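>>> 3D model of this:
(2 chains)
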2 protein chains.
Amino acid sequence: MRQRVITAVVALIIFIPIIVAGHIWIDIAAFALGLVALSEVLIMRKKLLVSPEAIISGIGILAVIAPQSWWGELLPSYLKPWYIVYLFILLLLMRTVVSRNRFSFDDAGVITLSMLYIGVGFHFFIAARTISLAALLYALFIVWTTDSGAYMIGRKLGKHRLAPHISPNKTWEGSIGGSLVATIVGSVFWYFFPIGHFSLGIMIILTLIFSVVGQFGDLVESALKRYYGVKDSGKILPGHGGILDRFDSLLLVLPVIHLFGLI
Amino acid sequence: MRQRVITAVVALIIFIPIIVAGHIWIDIAAFALGLVALSEVLIMRKKLLVSPEAIISGIGILAVIAPQSWWGELLPSYLKPWYIVYLFILLLLMRTVVSRNRFSFDDAGVITLSMLYIGVGFHFFIAARTISLAALLYALFIVWTTDSGAYMIGRKLGKHRLAPHISPNKTWEGSIGGSLVATIVGSVFWYFFPIGHFSLGIMIILTLIFSVVGQFGDLVESALKRYYGVKDSGKILPGHGGILDRFDSLLLVLPVIHLFGLI
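A predicted model of the protein is given here:
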């Protein structure tokens, strides 16, 4: 527990100035976090980080994360940014041919999915900060308060298991409680630092939805870890596990906030 | 062999009028072929075609195949078409959570990759026909002449195995011969029915590249089948196998032709 707190404090001391500074700092942070998260999947999958597939997907995820505006100047107008990502998927497919059966269609599939799932999440991490500091903080507060709310209320009132197959400690009571806490905190934050042009009533409902999506993000990563038989996605954050463990909720929440046009 | 020829003749009698007619007919054909090809992967993967994942990926691949122009009217301007595809990937990820470990991250990965690989291929099948009948025929002729050229020259001169691990009957002699035949036929066709604004010299080089890419498409599908331990991707075309067997080269050639701005 002590180690967990120390890590959190150190991480926040690094993280908070970066998200306040924004611009190139948030870009660098998103690229670095995305690469580490991807490498965590590769390691779970027992792939070498110096293999052709790691290099292809590493560059590919940078292409996914890169802000939309970067592509305008780089590409001829008939090539859409998604096409560049498709080219990296094509390279992974070609790798299945030249690997002498060491790199399978399954491998290519898992890496493609990871590249997109992690990459799109961090793409909108940059997009949120580009809208405003408040937009990114709104998402972060929802995720953080959902997590801590669920943990505390679950410990006190938790009785009914939420997802015994993939995450045995979570309860329905904790989950519902966490989302209620997040909805209150998120809506109050939004009231003082508004983003978008919805009314307070709509924003309360949306905040609840985002909080539930955040919990789904957590469970997706739990299912992934359970499938690969590991406890944490990595060891980079002592007491917290890996980057994927810490950003799992945010990776799904940010793109869903985009669905409603808020970032 | 007789069955093979009969199937080919019947298929061409259906196929040729569709590509000549274009418009809505080519759209319907692309959607239908894409769905069948996707279901072939699902069956190889031993997934039910009435499962939630089949329904999600089925609708998802339709979204990938749909012409770019369709989205303009449907979506608010801040949502890019690729984002809709991302939402289907998100649904597949959420399916890993609610499936009680029956649908794994690997499954989601393979289905995501198939949806994109097959979907983008048929997306450009429509795009090529939208440019002109000549553009689509150019691609078809390259694929067809590469295949038949490789088969005939390989039978006569073939000595050195090309990819013994995944497709033992292919030889380097056949591969090189097939690409030379395709380059000649494709370039002559282009000379009479030009697309794009490159010179003949450039087009000869590009045609050679497209022919090589077509062979890669063939090998990607061979690697896939070898991995799942099947001989054909399906049985829909007696003597030819499945839709994926017949369209494997084209699925890679068309998007690569797009890379050079020709479709």
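>>> now do the helices in the stretch 1-150 of chain A.
If DSSP state H, counting those that start in this stretch is used as the criterion, the helices of the stretch 1-150 of chain A fall at A:2-21, A:23-44, A:52-65, A:68-74, A:81-98, A:105-131, A:133-157.
>>> just those: most buried one?
Each of those was assessed for mean neighbour count using mean count of other CB atoms under 10 Å in any protein chain shown. The highest is helix A:105-131, with a mean of 25. To be clear about C-beta, it is placed using only N, CA and C from the backbone, and glycine gets the same treatment.
>>> who's in contact with stretch A:142-155?
Where contact means CB atoms under 8 Å, 6 or more residues apart in numbering or on different chains, the residues beyond stretch A:142-155 that reach it are A:169-171, A:173-175, A:177-182, A:185-186, A:207, A:210-211, A:214-215, A:218, A:249-250, A:253.
>>> please flag which of the residues you listed sit within helices.
A:173-175, A:177-182, A:185-186, A:207, A:210-211, A:214-215, A:218, A:249-250, A:253 (DSSP state H).
>>> chain center to stretch A:18-34: distance?
Distance of stretch A:18-34 from its chain centroid, counting by CA atoms, centre = their mean, to the nearest Å, is 14 Å.
>>> and the helix or strand harbouring A:I202 with helix B:81-98, angle?
Using DSSP states H and E, A:I202 falls within helix A:200-228. Orientation note: helix A:200-228 sits at an angle of 60 degrees relative to helix B:81-98 (axes from the mean of the first three to the mean of the last three CA atoms, to 10 degrees).
>>> and chain B, is helix A:200-228 touching that?
Yes. Applying CB under 8 Å from any CB of the partner chain, one finds helix A:200-228 in contact with chain B at A:F216, A:L219, A:V220, A:S222, A:A223, A:L224, A:R226, A:Y227, A:Y228.
>>> so the third one makes contact with A:L252?
Yes. Counting by CB atoms under 8 Å, A:V220 does reach A:L252; the two are 6.9 Å apart.
>>> more neighbours: the two, which one.
Between A:V220 and A:L252, A:L252 has the larger neighbour count (other CB atoms under 10 Å in any protein chain shown), namely 28 against 25.
>>> show me the contacts for that one.
Remark: with contacts taken as CB under 8 Å, 6+ apart, A:L252 is in contact with A:G121, A:V213, A:G214, A:F216, A:G217, A:V220, B:L90, B:L93.
>>> measure the closest residue to the second one other than its chain neighbours to A:W190 for me?
Read that as A:V213. The shortest distance from A:V213 to any non-neighbouring residue, by CB to CB, 6 or more residues apart in numbering or on different chains, is to A:V256 (4.7 Å). When CB to CB, to the nearest Å is applied, the distance between A:V256 and A:W190 equals 16 Å.
>>> show me which strand runs longest in chain A.
Of all the segments assigned as strand in chain A under DSSP state E, the longest by residue count is strand A:167-171.
>>> which among the contacts of stretch A:142-155 count as buried?
In those, burial by neighbour count holds for A:170-171, A:173-175, A:177-182, A:185-186, A:207, A:210-211, A:214-215, A:218, A:249-250, A:253, counting by 16 or more other CB atoms under 10 Å in any protein chain shown.
>>> pretty sure A:V185 is touching A:F141, no?
Yes. Counting by CB under 8 Å, A:V185 touches A:F141, with 5.8 Å between them.
>>> A:E40 contacts A:I243, correct?
Yes. With contacts counted by CB under 8 Å, A:E40 reaches A:I243, the gap being 6.4 Å.
>>> what do those two both touch?
A:S233, A:G234.
>>> so, low pLDDT: which residues of the stretch 1-150 of chain A?
By pLDDT under 70, the stretch 1-150 of chain A contains no weakly predicted segment.
>>> near chain B, which residues of it?
A:68, A:76, A:78-83, A:86-87, A:89-90, A:92-94, A:96-97, A:100-101, A:104-106, A:108-114, A:116-117, A:120.
>>> could you redo the last one with a cut-off of 6 Å?
A:78, A:82, A:86, A:89, A:93-94, A:96-97, A:100-101, A:104-106, A:108-110, A:112-113, A:116, A:120 (CB under 6 Å from any CB of the partner chain).
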